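Asks: Sequence below, structure please.
(one chain, ligands or ions: 1)
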Amino acid sequence: MDPQEDSFDFLFKIILIGDSNVGKTCLVQSFKTGQFSERQQNTIGVDFTVRTLNIEGRRVKMQVWDTAGQERFRTITQSYYRSAHGAMIAYDISRRATFDSVQRWIHELQQFGAANVLTALIGNKRDLEAEREVRFEEACKLAEAKGMLAAVETSARDAWSVEEAFVMMARQLLLQNGMSVKQDDGEAAARVLLRTNSHTVSLSSPSSAHDSKKPCEC
Ligand SMILES: Nc1nc2c(ncn2[C@@H]2O[C@H](COP(=O)(O)OP(=O)(O)OP(=O)(O)O)[C@@H](O)[C@H]2O)c(=O)[nH]1
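Replies: Take a look at the predicted model:
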């Protein structure tokens with residue numbers, strides 16, 4: 001491990017859940033390395049990855065738990081929910097069934113996770129626009145209805161909004177831990193729906209300045 005990963009000011013545990021093959025492992029790899037590699041193998045049980053972010057001078061260590069989406073690992077993966085500060089529930093925008101499953105994943109999180117776990121809804125494979133089966137507005141509505149922090153669309157293949165999604169979680173967790181985090185209303189705020197309460201941070205990154213996607217208005 002990079003020695004710099006050893007020192008940190010905050011440690012947040014983030015769990016990635018969602019149906020098999022929605023791209024959870026690719027998302028974690030993209031966050032860790034910025035690279036996409038075609039994966040053939042499904043995750044067995046749980047893997048974990050660490051990356052330390054620098055957020056306004058604070059070293060925020062993100063410990064990301066990538067869980068298997070396959071049913072047969074459910075008992076193992078559930079045992080990791082309790083200690084998570086944040087959860088990303090991922091679906092594949094080109095497979096409706098994976099979005100329909102989100103309700104079940106939310107239910108599992110309610111059953112096995114901590115009461116105050118921060119959640120975000122991640123619609124992955126945004127690059128497969130031609131095969132889209134789930135509209136972003138639907139995801140926004142669900143996120144809003146379930147009291148989630150945000151709905152975000154990502155592409156692990158194109159490294160599109162992946163970094164931003166994790167940074168958003170980190171910033172919000174800092175805020176929840178009493179840290180002041182600048183309200184940053186840069187260009188990239190358009191990427192995600194964020195609940196409009198005053199304690200919610202927004203999201204910005206120079207890499208997303210070219211994106212013209214409008215925020216979801218739900
Ligand atoms: N087009 C496209 N394909 C992707 C993307 N992310 C992942 N994939 C592909 O989707 C398949 C599944 O990816 P994984 O990351 O292994 O999926 P997973 O959700 O971790 O699956 P489990 O380990 O079974 O839970 C692989 O063939 C990836 O190459 C993406 O953003 N766009």
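Asks: State the three-state secondary structure for the residue positioned nearest the centre of the chain.
Replies: With distances taken as Cα atoms, centre = their mean, residue 88 lies nearest the centre of the chain, 4.0 Å away. With DSSP: H, G, I helix; E, B strand; the rest coil as the basis, residue 88 sits in strand.
Asks: now residue 109
Replies: Classification of residue 109 using three-state DSSP returns helix.
Asks: At the contact with the ligand, which residues of the protein appear?
Replies: 20-26, 38-39, 42-43, 68-70, 124-125, 127-128, 155-157 (Cβ under 6 Å from any ligand atom). The C-beta positions use only the backbone N, C-alpha and C, and glycine is treated the same way.
Asks: And the pLDDT for the residue nearest to the centre of the chain?
Replies: Model confidence at residue 88, given as pLDDT, is 98.
Asks: Surely it is in contact with residue 16?
Replies: Yes: when contacts are counted by Cβ atoms under 8 Å, residue 88 is listed as touching residue 16 (5.0 Å).
Asks: residues bridging contact with these two, i.e. touching both?
Replies: When contacts are counted by Cβ atoms under 8 Å, 6 or more residues apart in numbering, residue 88 and residue 16 have residue 27 as shared neighbours.
Asks: that older thread, show me what the residue nearest to the centre of the chain bridges to in the sheet.
Replies: Assessed by DSSP bridges, residue 88 has beta-bridge partners residue 16, residue 120.
Asks: for residue 62, same thing?
Replies: Judged by DSSP bridges, the bridge partners of residue 62 are residue 12, residue 51.
Asks: What is the neighbour count of it?
Replies: For residue 62, the count of nearby residues is 24 (other Cβ atoms under 10 Å).
Asks: List the contacts of it.
Replies: Residue 62 makes contact with 12, 14, 31, 50-53, 166, 169-170 under the criterion Cβ under 8 Å, 6+ apart.
Asks: Give me the buried subset of the residues you listed.
Replies: In terms of neighbour count (16 or more other Cβ atoms under 10 Å), the buried residues within the contacts of residue 62 are 12, 14, 31, 51-53, 166, 169-170.
Asks: Which member of those is positioned nearest residue 79?
Replies: Closest approach to residue 79 among these (Cβ to Cβ): residue 14, at 16.2 Å.
Asks: Is the closest one part of a helix or strand, or is it coil?
Replies: Residue 14 - assigned by three-state DSSP - is strand.
Asks: Point to the helix or strand of this protein where mean pLDDT is at its lowest.
Replies: Least confident helix or strand of the chain, by mean pLDDT, DSSP states H and E, is strand 193-194 with a mean of 42.
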